[in-house]
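**Student:** A predicted structure for the sequence below; I have some questions about it.
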Amino acid sequence: MTEPTEPRLTDRGFAIRRRVLGDAHVDRAEAAKTEFDEPFQALITDAAWGHVWARGTIPLRERSMLTIALLAGLGNDHELAMHIRATANTGASEADVMEALMHVAIYAGVPRANHAIKIAKSTFAEMRAGTS
């Protein structure tokens, strides 16, 4: 059974998720959703997107850079490329991403930053080629 969510929060979460990740990504995620992972999808839509990303306290560009640095610093590489691609919607430039990853090198370790830079280079190249 699905836990109830607050409709306004969910609507706000979907709106910002679509703005940052794009309709195609969100549509694919929604189409792949099952009864098993629906509670998790509701959680991230409400908490990550509706509560955190939708806050008006800092611009999406900075929120994007923070997210990329945190994912890289924690070694959560499986979501890093997705958030690199989202920079096309958040306004974070390749130079911004490199600055965030330089911080990762100093505060979380060179190996983590080095791996994240490889992911970023590949993802940006795919974006420029239109294959991402």
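**Tutor:** Arrived safely.
**Student:** distance of T87 relative to F36?
**Tutor:** Counting by CB to CB, to the nearest Å, the gap from T87 to F36 is 31 Å. The C-beta positions use only the backbone N, C-alpha and C, and glycine is treated the same way.
**Student:** now T34, what's its secondary structure?
**Tutor:** coil (DSSP: H, G, I helix; E, B strand; the rest coil).
**Student:** domains of the protein?
**Tutor:** Domains of the chain are assigned by automatic domain parsing as 7-53, 60-129.
**Student:** and these as TSV, adding mean pLDDT and mean neighbour count?
**Tutor:** Formatted as TSV, those follow (pLDDT from 0 to 100; neighbours: other CB atoms under 10 Å):
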stretch	mean pLDDT	mean neighbour count
domain 7-53	95	15
domain 60-129	97	17
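**Student:** now the helices: where do they sit in this protein?
**Tutor:** Applying DSSP state H to the chain gives helices spanning 7-21, 23-32, 38-43, 60-74, 77-85, 87-90, 94-107, 110-129.
**Student:** nearest to W49, of those?
**Tutor:** helix 7-21 (3.7 Å; CB to CB).
**Student:** would you mind pulling the contact partners of that closest one?
**Tutor:** Contact with helix 7-21 is made by 26, 42, 45-46, 48-51, 53-54, 60, 64, 82, 85-86, 89-90, as judged by CB atoms under 8 Å, 6 or more residues apart in numbering.
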